[in-house]
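Enquirer: Starting from these lines, generate the structure:
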Amino acid sequence: MAFLNAWWVYLVVGIIFSYVLMQSAVFLLKARKKALSLGFTKEQINQTITSSAVFTIAPSVAILIGLVTLAKIFGPMIAGMRLGTLGALTYELPTALIVLKEFGFEAGEVLNPRVVTTALWVMTFGCIPPLLIIPLFFKKYSARINRIQDQDNSWKQIMMDALFIGMISAFVGFVVAPKTINNETFISILAILVFLTSALLIVIFGLMMKKFKWEWLKNYALPLSMIGAMAFAIIYASLGVR
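Expert: Prediction:
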């Protein structure tokens, strides 16, 4: 696995991160200039920047958890590049695990360059369609959705809910699907319990937001649910659940 920490990996990742940071800085300066031209005061702009920066801390915790998980496969530099630019753990990790399984590997095992590069190419090709769909077809798609909404105001919400449920169902299938370890196939009760625990925690946080009007909790519900589910996963595993 030493090739994952080669000097050229740090160079490539450094160039990519530098480009992303430069792009962010350029858009921040352009947005600040536009806000001043619209009549916002410097105090208002600085307050908005500060509050936005603070609220990015909570989502970053969830990304950090994903980074630790994905680093077991690709090392910290490549995992950081994927999650720090384009990728999302909900897509990156299942895709990588599927590729590893096809080669007969498990997460955490010593991999060879062929397996790593294949997994990265599969993950990259999977990210390309959204990059093409949004600029090429989103305007037509949005106009059609708006026409449907004009005819029936409830239809847009129903369709969005259906798409969301469909996406969640795909991940549920990944959790409950039989797993094979050392030529033994079984359904992971541990994975199901962790999934249900995270769902229960997010419901509890939702009820707390509704009852106590804790709007600030909205930005922390997801990472807290993930951390809580991981803590319970340790407890379940210590009890012999697998």
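
Enquirer: wait, is T185 part of a strand?
Expert: Yes. Read with DSSP: H, G, I helix; E, B strand; the rest coil, T185 is one of the residues of a strand.

Enquirer: Look up how far Y236 lies from it.
Expert: Using C-beta to C-beta, to the nearest Å, T185 is found at 20 Å from Y236. All C-beta spots, glycine's among them, are computed from the backbone N, C-alpha and C.

Enquirer: quick one, which of these two is more surrounded?
Expert: The neighbour comparison of T185 against Y236 (other C-beta atoms under 10 Å) goes to Y236, with 18 against 8.

Enquirer: Nearest residue to F171 in space, please, no chain neighbours.
Expert: T90 (6.8 Å; C-beta to C-beta, 6 or more residues apart in numbering).

Enquirer: so which strand or helix has the one you found?
Expert: With the criterion set as DSSP states H and E, the secondary-structure element containing T90 is helix 89-102.

Enquirer: What helices and strands are in contact with that helix?
Expert: Taking 3 or more C-beta pairs under 8 Å, 6 or more residues apart in numbering; DSSP states H and E as the contact definition, the neighbouring helices and strands of helix 89-102 are helix 57-85, helix 113-151, helix 155-176.

Enquirer: What mean pLDDT does that helix get?
Expert: Along helix 89-102, the predicted local confidence has a mean pLDDT of 82.

Enquirer: Could you list the domains of the protein?
Expert: With domains defined by automatic domain parsing, the chain comprises 1-55, 57-154, 178-242.

Enquirer: Pipe the ones you listed into TSV and attach distance to M167 per row.
Expert: Formatted as TSV, the entries for the domains of the chain read as follows, by distance: least, C-beta to C-beta, whole Å:
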stretch	distance to M167
domain 1-55	24
domain 57-154	9
domain 178-242	14
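
Enquirer: A170 is nearest to which of those?
Expert: Across those, the minimum distance to A170, taken as C-beta to C-beta, is reached by domain 57-154, at 8.9 Å.

Enquirer: circling back to that earlier point, least confident of the domains of the chain, on average?
Expert: domain 57-154 (a mean of 81).
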